[in-house]
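Participant: give me the fold of what follows.
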Amino acid sequence: MLKILKYSFYDLIRSRWSYIYLLFYLALGFVLLFLNNDIGKAIITLMNIIIVLVPLISTIFGIMYYYDSKEFTELLLALPIKRSSIFLGQYLGVALSLSMSLLIGLGIPFICYGLFASDIIFDFLLLLVTGTFLTFIFSALAYNIGLKNENKIKGFGFAILLWLFLAVVYDGIFLSILMIFGDYPLENISLIGTVLNPIDLSRILIILKLDVSALLGYTGAVFKKFFGGNMGSFISFAILLLWTCIPILAIYLTAKKKNF
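Facilitator: The predicted model follows:
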């Protein structure tokens, strides 16, 4: 699996799309810091971009690489190599290359603007960690969709619909439920609804750590009570880790049982 991971990783970092992805974050970081001249404000702005953009790019890259490398994968399947090792190695190559582009692209501008001398370095690290989690989660979800759909168009369609649902539609449904049943105690439902969406969980975790939870009103007070402390943060990261591990396990099980 390590050899396949290394091949996929080096293949992707030589791709022009990886350079474009890295340069986009590099330019975005410098522009935001130049306009705001305040690292704290730049982090808040970046949060709104990363929470939506990272899942989208990870989903598209994951599903594209799965279908584009299909012929090479069929060649590997003819060799005495475990099928799960092939697909897990390819997935990890995609996720690691995207994560590296994110970390380098955002890290360089903030370091140049004196991140290490700032007192919000941990807030920036939290932003990078959640972005990395989202990269691994949505790359894995995209690979699962690819494994279960031989048709390339259907696979792309389902992948985009998955991102659209979790990034946009889910929030609309969730807010509608909270408004309709606003007269009832919905604290537990709010927490459960947040946990079931990695994008919402990442957003709330960052907002609470940036101490701007007042923007969320009453809901922010509920989330601050649960996610605000050290135990809440630990549980949040444990849930994000679970969101990462379950799709990876699904790749492993699907690859073992699927007939190619």
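
Participant: residue ranges in the stretch 101-250 of the chain under the pLDDT threshold?
Facilitator: Along the stretch 101-250 of the chain, segments meeting pLDDT under 70 span 182-186, 210-230, 232.

Participant: rerun that using 50 as the cut-off
Facilitator: Counting by pLDDT under 50, the stretch 101-250 of the chain has low-confidence residues at 217-218.

Participant: quick one: the helices in it, in order.
Facilitator: Using DSSP state H, counting those that start in this stretch, the helices found in the stretch 101-250 of the chain span residues 121-148, 152-164, 170-180, 187-195, 198-209, 217-227, 230-257.

Participant: which secondary structure elements does the fourth one sit against?
Facilitator: Counting by 3 or more Cβ pairs under 8 Å, 6 or more residues apart in numbering; DSSP states H and E, the packing neighbours recorded for helix 187-195 are helix 170-180, helix 198-209, helix 217-227. C-beta: built from backbone N, CA, C; applies to glycine.

Participant: follow-up on the earlier one: how about the helices of the stretch 101-250 of the chain in JSON lines, adding mean neighbour count?
Facilitator: Shown next, in JSON lines, are those (neighbours: other Cβ atoms under 10 Å):
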{"stretch": "helix 121-148", "mean neighbour count": "23"}
{"stretch": "helix 152-164", "mean neighbour count": "16"}
{"stretch": "helix 170-180", "mean neighbour count": "13"}
{"stretch": "helix 187-195", "mean neighbour count": "16"}
{"stretch": "helix 198-209", "mean neighbour count": "22"}
{"stretch": "helix 217-227", "mean neighbour count": "16"}
{"stretch": "helix 230-257", "mean neighbour count": "15"}
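
Participant: how much space separates Met1 from Met179?
Facilitator: Separation of Met1 from Met179 (Cβ to Cβ, to the nearest Å) stands at 48 Å.

Participant: also Lys82?
Facilitator: 50 Å.

Participant: what's the answer for Ile206, then?
Facilitator: From Ile206 to Met179 the distance is 24 Å (Cβ to Cβ).

Participant: tell me who's in contact with Ile137.
Facilitator: Shown in contact with Ile137 (Cβ atoms under 8 Å, 6 or more residues apart in numbering): Pro55, Ser58, Pro198, Leu240, Trp243, Thr244, Pro247.

Participant: need the contact list for the fifth one.
Facilitator: Remark: with contacts taken as Cβ under 8 Å, 6+ apart, Trp243 is in contact with Phe133, Ile137, Pro198, Leu201.

Participant: which non-adjacent residue is nearest the third one?
Facilitator: What it means is Pro198. Closest residue to Pro198 apart from its sequence neighbours, by Cβ to Cβ, 6 or more residues apart in numbering: Trp243 at 4.6 Å.

Participant: kindly report the same for the first one.
Facilitator: Using Cβ to Cβ, 6+ apart and skipping residues adjacent in sequence, the residue nearest Phe133 is Leu240, 4.5 Å away.

Participant: that neighbour contacts Ile204, doesn't it?
Facilitator: No - using Cβ atoms under 8 Å, Leu240 is not in contact with Ile204; the gap is 11.6 Å.

Participant: what about stretch 244-260, distance to the chain center?
Facilitator: When C-alpha coordinates are averaged (Cα atoms, centre = their mean, to the nearest Å), stretch 244-260 and its chain have centres 19 Å apart.
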